[in-house]
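here you go, sequence then predicted model.
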Amino acid sequence: MIEVGIVGGTGYTGVELLRLLCRHADVRIRAVTSRSDAGKRVDSIYPNLRGFVDVAFSEPDVEVLAQCDLVFFATPNGTAMRMAPELLDRGVKVIDLAADFRLKDAAEWAQWYGEPHACPELLAEAVYGLPEVNRAAIRKARLVANPGCYPTAVQLGFLPLLAAGLIDGAHLVADAKSGVSGAGRKAEVPMLMAEAGESFKAYGVAGHRHLPEIRQGLAEAAGAAVGLTFVPHLLPMIRGIHATLYSRLTGSPGDLQDLFERHYADEPFVDVLPAGSHPETRNVRGANRCQIAVHRPQGGDTVVVLSVIDNLVKGAAGQAVQNMNLMCGLEETAGLMLVGLSP
Ligand SMILES: NC(=O)C1=CN([C@@H]2O[C@H](COP(=O)(O)OP(=O)(O)OC[C@H]3O[C@@H](n4cnc5c(N)ncnc54)[C@H](OP(=O)(O)O)[C@@H]3O)[C@@H](O)[C@H]2O)C=CC1
Ligand SMILES: CC(=O)N[C@@H](CCC(=O)OP(=O)(O)O)C(=O)O
(Lines give C-alpha, C1' and ligand atoms only; values in the text may rest on other atoms or scores of the structure.)
(Ligands and ions follow the chains in the order given, each with its own letter.)
Protein backbone atom coordinates (compact mmCIF):
# COMPACT_ATOMS: atom_id res chain seq x y z
CA MET A 1 0.00 0.00 0.00
CA ILE A 2 1.27 3.47 -0.91
CA GLU A 3 0.49 5.98 1.86
CA VAL A 4 -0.25 9.38 0.35
CA GLY A 5 -0.79 12.90 1.61
CA ILE A 6 -2.56 15.74 -0.20
CA VAL A 7 -1.70 19.33 0.62
CA GLY A 8 -4.61 21.53 -0.48
CA GLY A 9 -7.41 18.96 -0.30
CA THR A 10 -10.28 21.46 -0.42
CA GLY A 11 -9.37 22.88 -3.84
CA TYR A 12 -10.70 21.59 -7.14
CA THR A 13 -7.63 19.57 -8.06
CA GLY A 14 -7.30 18.34 -4.45
CA VAL A 15 -10.82 16.96 -4.33
CA GLU A 16 -10.33 15.43 -7.78
CA LEU A 17 -7.26 13.65 -6.40
CA LEU A 18 -9.42 12.38 -3.54
CA ARG A 19 -12.07 11.13 -5.99
CA LEU A 20 -9.45 9.16 -7.93
CA LEU A 21 -7.30 7.95 -5.04
CA CYS A 22 -10.14 6.73 -2.79
CA ARG A 23 -10.91 4.02 -5.38
CA HIS A 24 -7.24 3.20 -6.13
CA ALA A 25 -6.49 -0.34 -4.94
CA ASP A 26 -2.85 0.37 -4.03
CA VAL A 27 -3.31 3.64 -2.14
CA ARG A 28 -4.22 4.65 1.40
CA ILE A 29 -5.01 8.32 1.97
CA ARG A 30 -3.16 9.20 5.14
CA ALA A 31 -3.34 13.00 5.37
CA VAL A 32 -5.36 15.70 3.60
CA THR A 33 -4.67 19.30 4.51
CA SER A 34 -6.62 22.52 4.57
CA ARG A 35 -5.80 25.49 6.77
CA SER A 36 -9.29 26.96 6.59
CA ASP A 37 -11.18 23.67 7.13
CA ALA A 38 -8.76 21.86 9.46
CA GLY A 39 -10.65 19.57 11.86
CA LYS A 40 -13.65 19.10 9.57
CA ARG A 41 -14.34 15.71 8.00
CA VAL A 42 -13.57 15.64 4.27
CA ASP A 43 -17.04 14.27 3.50
CA SER A 44 -18.71 17.12 5.36
CA ILE A 45 -17.32 19.52 2.73
CA TYR A 46 -17.57 17.06 -0.20
CA PRO A 47 -20.56 14.74 0.45
CA ASN A 48 -19.88 12.89 -2.85
CA LEU A 49 -16.98 11.27 -0.94
CA ARG A 50 -19.19 9.90 1.90
CA GLY A 51 -18.36 6.25 2.49
CA PHE A 52 -15.16 6.52 0.44
CA VAL A 53 -12.91 8.95 2.36
CA ASP A 54 -12.84 8.57 6.12
CA VAL A 55 -10.41 11.29 7.20
CA ALA A 56 -10.56 14.89 8.42
CA PHE A 57 -8.65 17.84 7.02
CA SER A 58 -5.55 18.71 9.02
CA GLU A 59 -3.11 21.61 9.06
CA PRO A 60 -0.21 21.21 6.59
CA ASP A 61 2.32 19.82 9.07
CA VAL A 62 5.62 18.48 7.70
CA GLU A 63 5.87 16.00 10.59
CA VAL A 64 2.60 14.35 9.53
CA LEU A 65 3.33 14.55 5.81
CA ALA A 66 6.78 13.02 6.33
CA GLN A 67 5.07 9.78 7.37
CA CYS A 68 3.66 9.39 3.86
CA ASP A 69 5.39 7.62 0.96
CA LEU A 70 4.29 10.32 -1.47
CA VAL A 71 2.81 13.79 -1.08
CA PHE A 72 0.78 15.68 -3.71
CA PHE A 73 0.77 19.47 -3.56
CA ALA A 74 -2.55 20.76 -4.96
CA THR A 75 -1.73 24.26 -3.78
CA PRO A 76 -1.16 27.71 -5.28
CA ASN A 77 2.14 28.40 -7.03
CA GLY A 78 4.95 29.09 -4.58
CA THR A 79 3.72 26.69 -1.86
CA ALA A 80 5.39 23.36 -2.67
CA MET A 81 8.84 24.89 -3.13
CA ARG A 82 8.79 25.84 0.57
CA MET A 83 7.97 22.34 1.87
CA ALA A 84 9.28 19.92 -0.75
CA PRO A 85 12.99 20.09 0.17
CA GLU A 86 12.39 18.82 3.72
CA LEU A 87 10.01 16.09 2.56
CA LEU A 88 12.49 14.90 -0.07
CA ASP A 89 15.28 14.89 2.56
CA ARG A 90 13.09 12.64 4.66
CA GLY A 91 12.60 10.15 1.83
CA VAL A 92 9.12 11.25 0.69
CA LYS A 93 8.35 11.44 -3.03
CA VAL A 94 6.69 14.67 -4.15
CA ILE A 95 4.34 15.55 -7.03
CA ASP A 96 3.55 19.25 -7.39
CA LEU A 97 0.38 20.06 -9.34
CA ALA A 98 1.38 23.73 -9.37
CA ALA A 99 4.17 25.30 -11.37
CA ASP A 100 7.01 25.45 -8.82
CA PHE A 101 9.20 22.85 -10.53
CA ARG A 102 8.04 23.06 -14.16
CA LEU A 103 10.55 25.59 -15.53
CA LYS A 104 14.20 24.64 -15.65
CA ASP A 105 15.45 28.22 -15.46
CA ALA A 106 15.09 29.86 -12.01
CA ALA A 107 15.38 33.37 -13.47
CA GLU A 108 12.57 32.65 -15.93
CA TRP A 109 10.48 31.23 -13.07
CA ALA A 110 11.01 34.41 -11.03
CA GLN A 111 10.07 36.55 -14.03
CA TRP A 112 6.73 34.78 -14.62
CA TYR A 113 5.78 33.95 -11.03
CA GLY A 114 6.83 37.22 -9.43
CA GLU A 115 9.16 36.02 -6.67
CA PRO A 116 12.55 34.33 -6.46
CA HIS A 117 12.51 30.53 -6.46
CA ALA A 118 12.93 29.12 -2.95
CA CYS A 119 14.95 26.02 -3.97
CA PRO A 120 16.48 26.52 -7.44
CA GLU A 121 18.90 23.66 -6.72
CA LEU A 122 16.01 21.21 -7.20
CA LEU A 123 14.98 22.44 -10.66
CA ALA A 124 17.49 20.30 -12.55
CA GLU A 125 16.43 17.17 -10.70
CA ALA A 126 12.66 17.71 -11.04
CA VAL A 127 11.13 15.68 -13.86
CA TYR A 128 8.43 17.29 -16.00
CA GLY A 129 5.51 14.91 -15.56
CA LEU A 130 4.20 14.45 -19.07
CA PRO A 131 4.36 10.63 -19.29
CA GLU A 132 3.96 10.62 -23.07
CA VAL A 133 7.37 12.33 -23.22
CA ASN A 134 9.22 11.53 -20.00
CA ARG A 135 7.95 8.12 -18.91
CA ALA A 136 11.37 6.56 -18.20
CA ALA A 137 12.58 9.52 -16.15
CA ILE A 138 9.31 9.72 -14.18
CA ARG A 139 9.71 6.08 -13.13
CA LYS A 140 13.00 6.98 -11.41
CA ALA A 141 12.01 10.42 -10.10
CA ARG A 142 11.47 11.49 -6.51
CA LEU A 143 10.21 14.97 -7.54
CA VAL A 144 7.73 15.41 -10.38
CA ALA A 145 6.39 18.70 -11.75
CA ASN A 146 2.89 17.94 -12.96
CA PRO A 147 2.23 19.93 -16.17
CA GLY A 148 -0.26 22.79 -16.36
CA CYS A 149 -3.64 22.18 -17.93
CA TYR A 150 -3.17 24.28 -21.09
CA PRO A 151 0.40 22.96 -21.54
CA THR A 152 -0.88 19.36 -21.49
CA ALA A 153 -3.47 19.95 -24.22
CA VAL A 154 -1.14 22.07 -26.37
CA GLN A 155 1.97 19.91 -26.12
CA LEU A 156 0.16 16.63 -26.83
CA GLY A 157 -1.30 18.22 -29.96
CA PHE A 158 1.93 19.65 -31.39
CA LEU A 159 4.35 16.87 -30.37
CA PRO A 160 3.86 14.40 -33.26
CA LEU A 161 4.39 17.16 -35.83
CA LEU A 162 7.48 18.61 -34.14
CA ALA A 163 9.04 15.21 -33.43
CA ALA A 164 8.67 14.32 -37.13
CA GLY A 165 10.17 17.69 -38.18
CA LEU A 166 7.20 18.46 -40.41
CA ILE A 167 6.28 22.00 -39.36
CA ASP A 168 7.80 25.46 -39.02
CA GLY A 169 8.54 25.64 -35.28
CA ALA A 170 9.10 29.38 -35.44
CA HIS A 171 5.44 30.21 -36.06
CA LEU A 172 3.19 28.04 -33.89
CA VAL A 173 -0.22 29.27 -32.77
CA ALA A 174 -2.22 27.83 -29.86
CA ASP A 175 -5.73 29.17 -29.44
CA ALA A 176 -7.00 27.58 -26.22
CA LYS A 177 -10.21 27.74 -24.19
CA SER A 178 -10.78 26.67 -20.59
CA GLY A 179 -13.76 26.17 -18.30
CA VAL A 180 -13.88 28.20 -15.09
CA SER A 181 -12.71 25.40 -12.77
CA GLY A 182 -9.27 26.09 -14.25
CA ALA A 183 -9.11 29.14 -12.03
CA GLY A 184 -9.58 27.12 -8.83
CA ARG A 185 -12.15 27.32 -6.03
CA LYS A 186 -11.20 30.61 -4.44
CA ALA A 187 -13.80 33.38 -4.76
CA GLU A 188 -13.04 35.74 -7.65
CA VAL A 189 -15.43 38.19 -9.27
CA PRO A 190 -14.58 37.29 -12.93
CA MET A 191 -15.51 33.66 -12.18
CA LEU A 192 -19.02 34.48 -10.87
CA MET A 193 -21.79 32.98 -13.00
CA ALA A 194 -23.13 36.46 -13.77
CA GLU A 195 -19.69 37.53 -15.01
CA ALA A 196 -18.50 34.43 -16.90
CA GLY A 197 -21.90 33.04 -17.96
CA GLU A 198 -23.31 33.77 -21.42
CA SER A 199 -20.08 35.47 -22.43
CA PHE A 200 -16.73 34.55 -23.92
CA LYS A 201 -13.40 36.33 -23.79
CA ALA A 202 -9.69 35.98 -24.29
CA TYR A 203 -7.25 36.87 -21.53
CA GLY A 204 -3.50 36.94 -20.99
CA VAL A 205 -2.79 37.78 -24.64
CA ALA A 206 0.31 39.82 -23.77
CA GLY A 207 1.81 36.85 -21.94
CA HIS A 208 0.35 34.02 -19.86
CA ARG A 209 2.60 32.08 -17.44
CA HIS A 210 1.95 28.87 -19.36
CA LEU A 211 3.77 30.34 -22.37
CA PRO A 212 7.32 29.62 -21.12
CA GLU A 213 6.25 26.15 -19.95
CA ILE A 214 4.79 25.21 -23.33
CA ARG A 215 7.76 26.73 -25.19
CA GLN A 216 10.18 24.74 -23.02
CA GLY A 217 8.43 21.42 -23.78
CA LEU A 218 7.99 22.07 -27.49
CA ALA A 219 11.61 23.20 -27.89
CA GLU A 220 12.75 19.91 -26.36
CA ALA A 221 10.63 17.98 -28.88
CA ALA A 222 11.81 20.11 -31.80
CA GLY A 223 15.45 20.12 -30.73
CA ALA A 224 15.50 23.93 -31.20
CA ALA A 225 13.81 27.02 -29.81
CA VAL A 226 10.23 27.50 -30.98
CA GLY A 227 8.14 30.63 -31.59
CA LEU A 228 4.67 30.33 -30.09
CA THR A 229 1.65 32.62 -29.90
CA PHE A 230 -0.56 31.34 -27.07
CA VAL A 231 -3.97 32.90 -26.43
CA PRO A 232 -6.10 31.48 -23.60
CA HIS A 233 -9.86 32.10 -23.39
CA LEU A 234 -12.44 31.64 -20.64
CA LEU A 235 -15.49 29.60 -21.61
CA PRO A 236 -18.77 29.63 -19.67
CA MET A 237 -18.54 25.95 -18.71
CA ILE A 238 -17.10 24.24 -15.63
CA ARG A 239 -14.64 21.59 -16.85
CA GLY A 240 -12.68 21.21 -20.03
CA ILE A 241 -9.99 22.63 -22.28
CA HIS A 242 -10.20 22.86 -26.04
CA ALA A 243 -7.00 23.79 -27.87
CA THR A 244 -7.00 24.65 -31.58
CA LEU A 245 -3.41 24.50 -32.81
CA TYR A 246 -2.17 25.98 -36.06
CA SER A 247 1.16 25.33 -37.76
CA ARG A 248 2.69 25.60 -41.24
CA LEU A 249 4.01 22.52 -43.07
CA THR A 250 7.57 22.80 -44.30
CA GLY A 251 7.47 20.02 -46.87
CA SER A 252 5.41 17.10 -48.01
CA PRO A 253 3.96 15.58 -44.84
CA GLY A 254 2.60 12.24 -46.02
CA ASP A 255 -0.43 10.91 -44.17
CA LEU A 256 -0.88 13.06 -41.03
CA GLN A 257 -3.64 10.85 -39.65
CA ASP A 258 -1.29 7.87 -39.85
CA LEU A 259 1.52 9.90 -38.22
CA PHE A 260 -0.66 10.77 -35.21
CA GLU A 261 -2.05 7.25 -34.89
CA ARG A 262 1.45 5.75 -34.92
CA HIS A 263 2.86 8.38 -32.52
CA TYR A 264 0.23 7.61 -29.90
CA ALA A 265 -0.38 3.92 -30.68
CA ASP A 266 0.88 2.71 -27.30
CA GLU A 267 -0.45 5.57 -25.19
CA PRO A 268 -3.29 4.55 -22.90
CA PHE A 269 -4.51 8.11 -22.35
CA VAL A 270 -4.20 9.75 -25.77
CA ASP A 271 -6.95 8.90 -28.22
CA VAL A 272 -6.46 9.94 -31.84
CA LEU A 273 -9.94 10.25 -33.32
CA PRO A 274 -10.80 9.14 -36.87
CA ALA A 275 -9.95 11.50 -39.74
CA GLY A 276 -12.35 14.43 -40.01
CA SER A 277 -13.37 14.37 -36.33
CA HIS A 278 -14.11 17.38 -34.14
CA PRO A 279 -13.34 16.46 -30.50
CA GLU A 280 -15.66 17.79 -27.80
CA THR A 281 -14.72 18.62 -24.23
CA ARG A 282 -17.79 16.83 -22.88
CA ASN A 283 -16.54 13.48 -24.15
CA VAL A 284 -13.48 13.60 -21.86
CA ARG A 285 -15.23 15.04 -18.77
CA GLY A 286 -14.11 13.03 -15.75
CA ALA A 287 -11.69 10.92 -17.82
CA ASN A 288 -7.89 10.90 -17.83
CA ARG A 289 -7.87 11.27 -21.56
CA CYS A 290 -6.76 13.59 -24.33
CA GLN A 291 -8.74 13.26 -27.56
CA ILE A 292 -7.03 14.62 -30.66
CA ALA A 293 -7.96 15.19 -34.29
CA VAL A 294 -5.63 16.36 -37.05
CA HIS A 295 -6.85 18.31 -40.09
CA ARG A 296 -5.29 19.80 -43.21
CA PRO A 297 -7.99 22.17 -44.48
CA GLN A 298 -8.39 22.09 -48.28
CA GLY A 299 -5.13 20.11 -48.49
CA GLY A 300 -3.18 23.34 -47.96
CA ASP A 301 0.03 23.89 -46.01
CA THR A 302 -1.65 24.72 -42.69
CA VAL A 303 -2.17 21.89 -40.19
CA VAL A 304 -4.94 22.31 -37.62
CA VAL A 305 -4.84 20.05 -34.58
CA LEU A 306 -7.79 19.92 -32.17
CA SER A 307 -6.98 18.67 -28.66
CA VAL A 308 -9.37 18.33 -25.71
CA ILE A 309 -8.87 17.32 -22.08
CA ASP A 310 -10.62 17.66 -18.75
CA ASN A 311 -8.44 20.29 -17.05
CA LEU A 312 -8.98 18.67 -13.65
CA VAL A 313 -8.13 15.11 -14.80
CA LYS A 314 -5.60 14.74 -17.66
CA GLY A 315 -4.82 18.43 -17.01
CA ALA A 316 -4.14 17.94 -13.29
CA ALA A 317 -5.22 15.19 -10.84
CA GLY A 318 -5.48 12.28 -13.28
CA GLN A 319 -2.07 13.04 -14.75
CA ALA A 320 -0.70 13.30 -11.18
CA VAL A 321 -2.05 9.82 -10.38
CA GLN A 322 -0.54 8.54 -13.65
CA ASN A 323 2.79 9.98 -12.47
CA MET A 324 2.37 8.46 -9.01
CA ASN A 325 1.75 5.04 -10.58
CA LEU A 326 4.97 5.35 -12.59
CA MET A 327 7.05 6.64 -9.65
CA CYS A 328 5.81 3.85 -7.37
CA GLY A 329 6.26 0.97 -9.83
CA LEU A 330 2.51 0.40 -10.25
CA GLU A 331 0.61 -0.27 -13.45
CA GLU A 332 0.47 3.16 -15.17
CA THR A 333 -3.26 2.88 -15.71
CA ALA A 334 -4.14 1.80 -12.15
CA GLY A 335 -7.20 3.67 -10.90
CA LEU A 336 -7.43 5.66 -14.11
CA MET A 337 -9.48 3.61 -16.55
CA LEU A 338 -12.34 6.10 -16.30
CA VAL A 339 -14.92 6.54 -19.01
CA GLY A 340 -15.93 10.14 -19.78
CA LEU A 341 -19.40 11.25 -18.74
CA SER A 342 -22.19 11.41 -21.30
CA PRO A 343 -23.74 13.88 -21.74
N1 LIG B 1 -7.81 24.02 -11.54
C2 LIG B 1 -7.16 23.48 -12.55
O3 LIG B 1 -7.78 23.14 -13.58
C4 LIG B 1 -5.69 23.24 -12.48
C5 LIG B 1 -4.93 23.71 -11.44
N6 LIG B 1 -3.58 23.49 -11.43
C7 LIG B 1 -2.76 23.99 -10.35
O8 LIG B 1 -2.97 23.17 -9.20
C9 LIG B 1 -2.88 23.96 -8.03
C10 LIG B 1 -4.18 23.83 -7.25
O11 LIG B 1 -5.23 24.31 -8.07
P12 LIG B 1 -6.76 24.34 -7.60
O13 LIG B 1 -7.09 23.04 -6.96
O14 LIG B 1 -7.53 24.80 -8.77
O15 LIG B 1 -6.68 25.50 -6.48
P16 LIG B 1 -7.74 25.92 -5.40
O17 LIG B 1 -7.62 27.36 -5.23
O18 LIG B 1 -9.09 25.35 -5.77
O19 LIG B 1 -7.24 25.17 -4.07
C20 LIG B 1 -6.04 25.48 -3.43
C21 LIG B 1 -5.86 24.59 -2.19
O22 LIG B 1 -4.60 24.88 -1.59
C23 LIG B 1 -4.77 25.20 -0.21
N24 LIG B 1 -3.79 26.24 0.11
C25 LIG B 1 -3.80 27.53 -0.33
N26 LIG B 1 -2.69 28.19 0.08
C27 LIG B 1 -1.97 27.29 0.80
C28 LIG B 1 -0.73 27.36 1.49
N29 LIG B 1 -0.01 28.49 1.51
N30 LIG B 1 -0.28 26.26 2.13
C31 LIG B 1 -1.00 25.11 2.11
N32 LIG B 1 -2.18 24.97 1.48
C33 LIG B 1 -2.66 26.06 0.82
C34 LIG B 1 -6.23 25.63 -0.08
O35 LIG B 1 -6.76 25.31 1.19
P36 LIG B 1 -6.52 26.19 2.50
O37 LIG B 1 -6.37 27.60 2.05
O38 LIG B 1 -7.72 25.92 3.33
O39 LIG B 1 -5.26 25.61 3.11
C40 LIG B 1 -6.92 24.77 -1.13
O41 LIG B 1 -7.26 23.49 -0.62
C42 LIG B 1 -2.62 25.40 -8.48
O43 LIG B 1 -1.26 25.67 -8.44
C44 LIG B 1 -3.14 25.40 -9.90
O45 LIG B 1 -2.51 26.38 -10.67
C46 LIG B 1 -2.97 22.76 -12.41
C47 LIG B 1 -3.68 22.26 -13.46
C48 LIG B 1 -5.11 22.48 -13.59
C1 LIG C 1 -9.43 29.47 -16.48
C2 LIG C 1 -8.16 29.84 -15.75
O3 LIG C 1 -8.10 30.85 -15.09
N4 LIG C 1 -7.15 28.99 -15.87
C5 LIG C 1 -5.92 29.21 -15.22
C6 LIG C 1 -4.99 28.05 -15.47
C7 LIG C 1 -4.69 27.44 -14.16
C8 LIG C 1 -3.67 26.40 -14.15
O9 LIG C 1 -3.94 25.28 -14.10
O10 LIG C 1 -2.46 26.83 -14.22
P11 LIG C 1 -1.19 26.53 -13.27
O12 LIG C 1 -1.27 25.14 -12.82
O13 LIG C 1 -0.02 26.78 -14.09
O14 LIG C 1 -1.31 27.52 -12.17
C15 LIG C 1 -5.21 30.50 -15.63
O16 LIG C 1 -5.25 30.88 -16.77
O17 LIG C 1 -4.50 31.04 -14.78
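That came through, no problem. What you are looking at is a predicted structure, and each value in this text was computed from that prediction instead of being measured. Ligands and ions are numbered 1, 2, ... in the order given.

could you give the number of residues near the closest residue to ligand 1 within the chain?
Here the chain gets closest to ligand 1 at one residue, G11, 1.9 Å apart by CB to the nearest ligand atom. No exception for glycine: its C-beta is placed from N, CA and C like everyone else's. Neighbours of G11 under the rule other CB atoms under 10 Å: 21.

correct me, but it touches R185?
Yes: assessed by CB atoms under 8 Å, G11 is found in contact with R185 at 5.2 Å.

what's the local residue count around the closest residue to G315 other than its chain neighbours?
For G315, ignoring the flanking residues on the chain, the nearest one in space by CB to CB, 6 or more residues apart in numbering is C149 at 3.2 Å. Using other CB under 10 Å, C149 is surrounded by 28 other residues.

ok, now the one 3 residues further on?
Counted with other CB under 10 Å, the neighbours of T152 add up to 28.

can you tell me the SS state at it?
helix (DSSP: H, G, I helix; E, B strand; the rest coil).

for it, give its distance to ligand 2.
Separation of T152 from ligand 2 (CB to the nearest ligand atom, to the nearest Å): 9 Å.

again with Q257
Note on Q257: its distance to ligand 2, by CB to the nearest ligand atom, is 30 Å.

can you tell me the element that residue falls in?
Assigned by DSSP states H and E, Q257 falls within helix 256-263.

what comes up buried for the helix or strand following that helix?
Downstream of helix 256-263, the first helix or strand assigned by DSSP H and E is strand 270-272. Neighbour-count burial for strand 270-272 flags 270-272 (criterion: 16 or more other CB atoms under 10 Å).

my guess is the residue nearest to G315 meets G184, correct?
No: using CB under 8 Å, C149 is not in contact with G184; the gap is 11.1 Å.

where along the stretch 101-250 of the chain do the strands fall?
Using DSSP state E, counting those that start in this stretch, the strands of the stretch 101-250 of the chain run over 127-128, 143-145, 172-178, 201-202, 228-234, 241-248.

between the longest one and strand 228-234, what angle do the directions make?
If you take axes from the mean of the first three to the mean of the last three CA atoms, to 10 degrees, strand 241-248 sits at 150 degrees to strand 228-234.

now strand 241-248 against strand 172-178, angle please.
Using the same axes, to 10 degrees: strand 241-248 against strand 172-178 is 170 degrees.

counting contacts, what elements does strand 241-248 pack onto?
In terms of contacts (3 or more CB pairs under 8 Å, 6 or more residues apart in numbering; DSSP states H and E), strand 241-248 is packed against helix 149-163, strand 172-178, strand 302-309.

quick check: chain neighbours aside, which residue is closest to E198?
P236 (6.2 Å).

if we can go back for a sec, so what's the residue of the chain closest to ligand 1 up against?
With contact taken as CB atoms under 8 Å, 6 or more residues apart in numbering, G11 is in contact with 74-75, 184-185.

how far away is it from G254?
Taking CB to CB, to the nearest Å as the measure, G11 falls 44 Å from G254.

spatially central residue in the protein, please.
With distances taken as CA atoms, centre = their mean, G315 lies nearest the centre of the chain, 3.1 Å away.

deepest of the strands of the stretch 101-250 of the chain, which one?
Greatest average neighbour count among the strands of the stretch 101-250 of the chain goes to strand 143-145 (a mean of 27), per mean count of other CB atoms under 10 Å.

contacting residues around that strand?
By CB under 8 Å, 6+ apart, strand 143-145 touches 84, 88, 93-96, 99-102, 122, 125-129, 138, 323, 327.

contacting residues around W109?
99-100, 103, 117, 120, 123.

ok, now Q216?
Neighbouring residues of Q216 by CB under 8 Å, 6+ apart: 102-104, 128.

farthest-apart pair in those residues, please.
Farthest apart among those by CB to CB are L103 and Y128. That separation is 9.3 Å.
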